[in-house]
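K.L.:
would you be able to build a 3D model of this:
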Amino acid sequence: MYETVASIGWAMAFALIGGIVGFLMICAAASFLPHLLNKLTPNIDEEREIAMGNRAVAEYFGKIAHAAILGVSILVSAVVVAGLFIALY
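P.N.:
Model (predicted):
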């Protein structure tokens, strides 16, 4: 009985720590991505173009940001699930 409770406790700890680290990674990716796009496109000021109402730039920027955040989220979820499997077995 003690082993089962200990395994569940470790699983909860791994899930909590993984969730916190994952949240921090997603926030870091979301804050780093605009700077990376500005460096990759030096002749275009995306923020100014979006403020002027240029929908093409806004949609491009939104799709790139969405894809990057989704990719990091998938990686984080895989790591959390792997941690749960390790804790339970």
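
K.L.:
use CA for all of it now, contacts and neighbours both
P.N.:
Fine.

K.L.:
how many residues are close by I26?
P.N.:
19 (other Cα atoms under 10 Å).

K.L.:
and the helix or strand harbouring it, how far out from the chain's middle?
P.N.:
If you go by DSSP states H and E, I26 is part of helix 2-40. Its chain's C-alpha centre and that of helix 2-40 lie 8 Å apart, by Cα atoms, centre = their mean, to the nearest Å.

K.L.:
give me the element L84 is part of.
P.N.:
Per DSSP H and E: helix 55-88 holds L84.

K.L.:
next, the angle helix 2-40 makes with that helix.
P.N.:
Put simply, helix 55-88 runs at 160 degrees to helix 2-40, going by axes from the mean of the first three to the mean of the last three Cα atoms, to 10 degrees.

K.L.:
buried ones in helix 55-88?
P.N.:
57-58, 61, 65, 69, 72-73, 76, 79-80, 83-84, 87 (16 or more other Cα atoms under 10 Å).

K.L.:
and A30, how many neighbours does it have?
P.N.:
Using other Cα under 10 Å, A30 has 16 neighbouring residues.

K.L.:
measure it to E3 for me?
P.N.:
Separation of A30 from E3 (Cα to Cα, to the nearest Å): 40 Å.

K.L.:
try I74
P.N.:
31 Å.

K.L.:
what does N38 give?
P.N.:
The gap separating N38 from E3 is 52 Å, by Cα to Cα.

K.L.:
the two: which is more packed in?
P.N.:
N38 (14 against 8).
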